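Undergrad: Next input, structure requested:
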Amino acid sequence: MKKTLLVLAIAGLALAGCDQQSSSTQEQTDAAAVQAQQTDVVDTAGVEQAETKAAAEQEVYVDAAHNAQNALDWNGTYQGTLPCADCDGIKVTLTLNTDGTYSLTEKYLGKENGEFSSNGNFNWNAAGNTISVPSDDGAFAQYFVAENQLFRLDQEGQRITGDLAEQYVLSKQ
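TA: The predicted structure follows:
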C-alpha cells in the first residue's frame with residue numbers, strides 16, 4: 001500500500017510538473033504572439049513613415065525665385081485681336097522692353113478714328129507673373145505672362161474663360 005501511495009504521489013508530481021511545463025509553454029507562445037503583433041505595428045508604422053516620406057518627395061515645390069519676370073524671355077512685341085462688343089475686334093500690338101517700358105497700339109476694327117497708342121511704364125505683380133499696362137481711362141489692362149504669349153485678364157485679374165477665352169491671347173512676334 002505504501003508502494004501504491006508512493007507511485008501515485010510520484011505520478012501526481014509528474015503530472016503537476018507536466019501541467020506547469022505546458023502552462024509555461026503556453027505563456028511563451030502567448031508572449032511570442034504579442035511580440036509579433038507589436039513588431040507588426042512597428043513594421044506598419046515604418047511602412048507608413050516610408051510612404052509618407054515618398055509622398056513628400058513627390059510633392060511639387062514652387063521655387064519663388066523663378067517666375068515669368070526672371071525666367072522667361074518676355075521682352076518683345078506681342079500681337080492679337082481681342083473681342084470687341086461694338087466693333088469687329090481690337091487689333092492689339094504691345095511691345096515690352098527690358099527696362100520696364102511699353103508701347104501699345106490698339107486699333108478698333110470697323111471704326112473710324114479707332115486707333116489709339118500709348119507709351120509708358122508697365123508694372124509686374126508681386127508674384128512676377130502678371131504685368132499691368134495703364135490705359136487711357138486710368139485703369140490698367142492686366143496680362144498673364146507665359147512662354148511667347150500674353151493672356152489678357154479680366155478686371156479682377158483672373159483668366160478669361162468660356163467660348164471666347166482663346167481670343168484673349170497675344171502671341172509673340
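Undergrad: can you map out the helices along this structure?
TA: 2-58, 68-71 (DSSP state H).
Undergrad: Of these, which shows the lowest average pLDDT?
TA: Note on these: lowest mean pLDDT is at helix 2-58, with a mean of 53.
Undergrad: and the chain, what are its domains?
TA: 1-61, 74-172 (automatic domain parsing).
Undergrad: burial measure for Thr93, as a count.
TA: 16 (other C-beta atoms under 10 Å). Where you see a C-beta, it was placed from the backbone N, CA and C, and this is true even at glycine.
Undergrad: Oh, that last question was meant for Thr98, not what I typed.
TA: 9.
Undergrad: residue contacts, it?
TA: Asn75 (C-beta atoms under 8 Å, 6 or more residues apart in numbering).
Undergrad: Okay, it and Trp74: tell me how far apart.
TA: Separation of Thr98 from Trp74 (C-beta to C-beta, to the nearest Å) stands at 9 Å.
Undergrad: Report the separation between Asn119 and Leu104.
TA: From Asn119 to Leu104 the distance is 7 Å (C-beta to C-beta).
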